[in-house]
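*Asks:* next one to model:
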Amino acid sequence: MISVGIESMNAFGGSVVLDVMDLARHRQLDMRRFENLLMKEKAVALPFEDPITFGVNAAKPLIDSLSEEEKGQIELLITCSESGIDFGKSISAYIHQYLGLNRCCRLFELKQACYAATAGLQMALNFILSQTSPGAKALVVATDISRFVVTAGGEALTNDWSYFEPSSGAGAVAILVSDDPKVFQVDVGANGYYGYEVMDTCRPVPDSESGDVDLSMMSYLDCCEKAFIEYQKRVSGVDYQDTFGYLTFHTPFGGMVKGAHRMMMRKFTQVKLNDIELDFNQRVALGLRYCQRVGNIMGGTVMLSLSSTIDNGDFTTPKRLGCFSYGSGCCSEFYSGVVTANGQQWQRQFEIAAMLDRRYQISIEEYEDLFQGNRSVRFGTRNVTLDPTMLTGMRSAWKDKPLLSLREIREFHREYEWVS
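*Replies:* Coordinates of the predicted model:
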């Protein structure tokens, strides 16, 4: 069987960012409860940013790193999102165009809440394993945004202003999948998946989410345990503590991951409580670093955790990573792969941390002003012209790195331009 996995990956965590501690104080949240989220910053989508701009800005550095011959080998583009802009047309067509990819390429979209990116990755892996087109590559782009919008009267179009707001983010992760898995060599066949119908969270309308927070947390924990049990059935000799050098999780917020890991350690190991905290810091916390600075980006969040672990871990000797992916509704999967020192060195060229550092930090006043601006671009907007120069500080932060921005919607068709 051929080797397969992630050849390279990159993330885009927005062009502007908000300090969530400031937001929590402004909303007068219970700070002791808020600190349990383990959040630091959240990416904020500007009116001229949408899932297409986020996806292209994440994928462009990957494409630019390829030769023309390698670029032409991309025969499959899967977008994974719950932030679509059309009931029929996939956002993959736009992303394909602005990346300048080969037209001999399959383009489509997947939707399964926060599990979608893992579904896309697994589909891409099996396309490569099938060898129906030897040498082909696949591009998987997970891209989502959370917008907090208001009506003309100032009423918030969201069911919960409290702890959901500081943890919700905007961003994208792009993954190049091939038979040259420089970054993450997948353990083929080592998959435990588990799912059932549950109304934990949903998007009943395009611009707002609804759900039961407690039910969502219980479903996440249930799936984490059951998916791992299925993984154990398929892979002999697996030990939750000893098999995996690091663990990465879908990260709605860091506190949920910490709780899930604590549960797994109690159920599958004999470790004492104090040692569970130490194990969390050693094997899990590295994967939270990028997530703490971006917020929950739905399907892309587990991939953001994976990239954070690869960038920040110690791979002097190769290590196996265990990955848990969860999507509301629900579907989940536990899978694994191996990372080496060479893979880490290759991956670090995309400088995700530096990208997060250069974002323009907005004030609470600027953040709330965006509520009115976000009313102009919503699902179903027919005509609008946008000003991608609205924040001069943001332009200064990205002056040497053009970003794709939404310029205009004309009769529902979105038109973009590169802006620096």
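
*Asks:* going forward, measure contacts and count neighbours with C-alpha atoms only.
*Replies:* OK.

*Asks:* so where is the protein shaky, pLDDT-wise?
*Replies:* Within the chain, the stretches with pLDDT under 70 are 147-162, 372-374, 389-396.

*Asks:* next, name the residue at the spatial heart of it.
*Replies:* residue 300 (1.7 Å; Cα atoms, centre = their mean).

*Asks:* hang on, it packs against residue 113?
*Replies:* No: the criterion here is Cα atoms under 8 Å, and residue 300 misses it with residue 113 at 10.3 Å.

*Asks:* skipping its backbone neighbours, what lies nearest the residue nearest to the centre of the chain in space?
*Replies:* Using Cα to Cα, 6 or more residues apart in numbering and skipping the chain neighbours, the partner closest in space to residue 300 is residue 142 (5.0 Å).

*Asks:* and for residue 178?
*Replies:* Leaving aside its sequence neighbours, residue 178 sits nearest to residue 137 (Cα to Cα, 6+ apart; 4.8 Å).

*Asks:* same question, residue 315
*Replies:* In this structure, residue 315 finds its nearest non-sequential neighbour in residue 341, 4.9 Å apart by Cα to Cα, 6+ apart.

*Asks:* what's the spacing between that neighbour and residue 124?
*Replies:* Using Cα to Cα, to the nearest Å, residue 341 is found at 24 Å from residue 124.

*Asks:* who's more crowded, those two?
*Replies:* Neighbours per residue, other Cα atoms under 10 Å: of residue 341 and residue 124, the larger number sits with residue 124, 26 against 17.

*Asks:* element containing that one?
*Replies:* For residue 124, the element it lies in under DSSP states H and E is helix 116-130.

*Asks:* just residue 354 next, same as before
*Replies:* Applying DSSP H and E as the criterion places residue 354 in helix 352-357.

*Asks:* same for whichever helix or strand comes after that helix, what does it pack against?
*Replies:* Next in sequence after helix 352-357, counting helices and strands by DSSP H and E, comes strand 360-361. Counting contacts by 3 or more Cα pairs under 8 Å, 6 or more residues apart in numbering; DSSP states H and E, strand 360-361 packs against strand 16-19, helix 392-397.

*Asks:* switch the cut-off to 6 Å
*Replies:* Other elements packing on strand 360-361 under the criterion 3 or more Cα pairs under 6 Å, 6 or more residues apart in numbering; DSSP states H and E are strand 16-19.

*Asks:* returning to what we had before: who's in contact with the helix holding residue 124?
*Replies:* If you take Cα atoms under 6 Å, 6 or more residues apart in numbering as the criterion, helix 116-130 is touched by 80, 138, 142, 299-300.

*Asks:* one more: stretch 134-151?
*Replies:* With contact meaning Cα under 6 Å, 6+ apart, stretch 134-151 is reached by 51, 55, 73-74, 76-81, 83, 117, 124, 156-157, 169-178, 297, 299-300, 371, 374.

*Asks:* restricting to C-alpha, output it in CSV.
*Replies:* Taking Å, rounded to 0.1, in the frame of the first residue of the first chain, the C-alpha atoms of stretch 134-151 are listed here in CSV:
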residue,chain,number,x,y,z
PRO,A,134,-1.6,8.0,-10.2
GLY,A,135,0.4,11.1,-9.0
ALA,A,136,-2.7,13.2,-8.5
LYS,A,137,-3.1,15.5,-5.5
ALA,A,138,-6.2,16.7,-3.7
LEU,A,139,-6.9,20.1,-2.0
VAL,A,140,-9.2,20.2,1.0
VAL,A,141,-10.3,23.7,2.2
ALA,A,142,-12.2,24.0,5.4
THR,A,143,-13.5,27.6,5.8
ASP,A,144,-16.1,29.1,8.1
ILE,A,145,-17.1,32.4,9.6
SER,A,146,-19.3,33.4,12.5
ARG,A,147,-21.0,36.8,12.1
PHE,A,148,-22.8,38.6,14.9
VAL,A,149,-25.2,40.8,13.0
VAL,A,150,-27.9,43.2,14.2
THR,A,151,-31.2,44.4,12.8
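
*Asks:* quick one: it to chain centroid distance?
*Replies:* Centre-to-centre, stretch 134-151 and its host chain are 8 Å apart (Cα atoms, centre = their mean, to the nearest Å).

*Asks:* any idea how far residue 221 lies from residue 114?
*Replies:* 15 Å.

*Asks:* same question for residue 289.
*Replies:* In terms of Cα to Cα, residue 289 sits 19 Å off from residue 114.

*Asks:* and if you look at residue 413?
*Replies:* Distance of residue 413 to residue 114, computed by Cα to Cα: 27 Å.

*Asks:* among these two, which residue is more densely surrounded?
*Replies:* Using other Cα under 10 Å, the more surrounded residue of residue 413 and residue 114 is residue 114, with 31 against 10.

*Asks:* my read: that one touches residue 324, true?
*Replies:* No: in this structure, residue 114 is not within contact of residue 324 by Cα atoms under 6 Å, at 11.3 Å.

*Asks:* list the contacts of residue 232.
*Replies:* Contacts for residue 232 (Cα under 6 Å, 6+ apart) come out as residue 238.

*Asks:* just to be sure, it is in a helix?
*Replies:* Yes: under DSSP: H, G, I helix; E, B strand; the rest coil, residue 232 sits within a helix.

*Asks:* check the gap between it and residue 196 for me.
*Replies:* For residue 232, the distance to residue 196 (Cα to Cα) stands at 20 Å.

*Asks:* show me what the residue nearest to residue 178 is bridged to.
*Replies:* residue 74 (DSSP bridges).

*Asks:* again, but for the one 4 residues further on
*Replies:* Residues in a beta bridge with residue 141, per DSSP bridges, are residue 79, residue 174.
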